[in-house]
Structures are given as C-alpha cells and as structure tokens.
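Novice: starting from these lines, generate the structure:
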Amino acid sequence: MRKIFLILSFVLLIITSCEKDDFCLKNPVTPNLVLRFYSDASKETLKNARLLSVWAEGKDTIADYTSVSTDSIAIPLNSLASETIYHLKINNEDGAEADNQYTTFTIKYTPEEKYVSRSCGYQVLFNDVSFDSDNTNWIKDFTPETLTTIDNQNTAHVQIFH
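Specialist: The predicted structure follows:
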C-alpha cells in the first residue's frame with residue numbers, strides 16, 4: 001500500500017509540476033513598414049515596381065526584394081535607431097544596368113518598447129514617423145509624409161506613386 005501511495009504521489013507531483021507551453025501568437029511582434037506602389041497617372045491603380053531591389057543603408061540587398069516585380073513590400077525598421085534609410089532601385093529591363101533608377105527613402109521615428117507577453121517578449125512601436133525621399137528618379141510622389149504610429153502591418157503605411 002505504501003508503494004502505491006509513493007508511486008501515485010510521484011505521478012501527481014510530475015503532472016502538477018508541468019508548466020503550460022507558451023506560444024507567441026502575434027507574429028511578427030514588431031511591425032514592418034508596408035509600402036504600396038501606385039500609378040502616378042491614376043492614383044488609385046496599383047502598379048508593379050519592375051525588377052525592384054531594396055536595401056538598407058550600409059546593408060546587403062534584402063533577399064525577398066532582389067529584382068522582383070511587386071506592387072507592395074514590407075520592410076523592417078531598425079528598432080535600435082531613430083532613422084532607417086532604404087535605397088530602392090527599379091529597372092525596366094532585366095540585367096540592363098544602364099536603365100537602373102535609384103531613389104533614397106528615409107524614415108525617421110521614435111521607437112517605443114511595449115511588453116506583450118512572456119512568450120512574445122517586447123514589441124517595438126514606431127511613433128512620430130516621418131518619411132522623406134530624394135524624389136529625383138522614379139518616385140514621383142508619396143503619401144503621407146507623417147504618421148502618428150506604426151503598430152501593425154495589416155494595411156499599407158505609405159503609398160508611393162511612380
């Protein structure tokens with residue numbers, strides 16, 4: 001009888017000492033900046049940026065955005081700084097370096113850490129966001145020039161007209 005009691009006590013101890021697994025269901029926790037590309041002639045018509053390549057200042061090209069044709073991109077912001085500079089390049093012909101069109105897109109913001117949960121950790125929100133572009137090449141215009149905050153990536157944050 002004593003052995004059964006010890007075995008049951010041991011099993012009960014093992015079962016009650018197990019901890020519930022934590023899974024972060026908010027993925028990604030820190031939102032990316034979402035850019036949508038529109039036709040400059042018809043401001044409500046989406047237009048692919050042909051053979052688009054994107055890279056941050058001093059970094060390599062983002063693998064997902066190397067010579068792709070797309071009407072939207074989601075790019076990360078540097079949560080350890082108050083500014084991220086991206087270079088965007090398009091081309092109308094594959095491999096024709098002479099036709100490359102470059103522009104610089106600067107995003108300034110105030111990062112704010114917010115505790116989400118034990119499994120997700122902290123989320124970085126970007127407040128007082130402002131955008132600037134050299135607009136000398138293929139980007140004709142963009143809206144808005146400022147945002148209050150970037151706290152999700154469910155919709156486009158910036159519309160770029162080209």
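Novice: name the element residue 3 belongs to?
Specialist: Assigned by DSSP states H and E, residue 3 falls within helix 2-17.
Novice: report the distance from whichever helix or strand comes after that helix to the chain centre.
Specialist: Next along the chain after helix 2-17, taking DSSP H and E as the criterion, comes strand 33-38. Here strand 33-38 is found 11 Å from its chain centre; the criterion is CA atoms, centre = their mean, to the nearest Å.
Novice: what mean pLDDT does the helix holding residue 3 have?
Specialist: Averaged across helix 2-17, the pLDDT comes to 71.
Novice: repeat that for stretch 108-119.
Specialist: Stretch 108-119 comes out at a mean pLDDT of 89.
Novice: neighbouring contacts of that stretch?
Specialist: 22-24, 26, 29, 77, 79-84, 121-132, 150 (CB atoms under 8 Å, 6 or more residues apart in numbering). C-beta: built from backbone N, CA, C; applies to glycine.
Novice: just the buried ones from the residues you listed?
Specialist: 29, 77, 79, 84, 123-126, 129, 131, 150 (16 or more other CB atoms under 10 Å).
Novice: got those residues as a markdown table, with pLDDT and secondary structure columns?
Specialist: Output for the buried ones among the contacts of stretch 108-119, formatted as a markdown table (pLDDT from 0 to 100; DSSP: H, G, I helix; E, B strand; the rest coil):
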| residue | pLDDT | secondary structure |
| --- | --- | --- |
| 29 | 79 | coil |
| 77 | 93 | coil |
| 79 | 91 | coil |
| 84 | 94 | strand |
| 123 | 89 | strand |
| 124 | 93 | strand |
| 125 | 94 | strand |
| 126 | 95 | strand |
| 129 | 93 | strand |
| 131 | 92 | strand |
| 150 | 91 | strand |
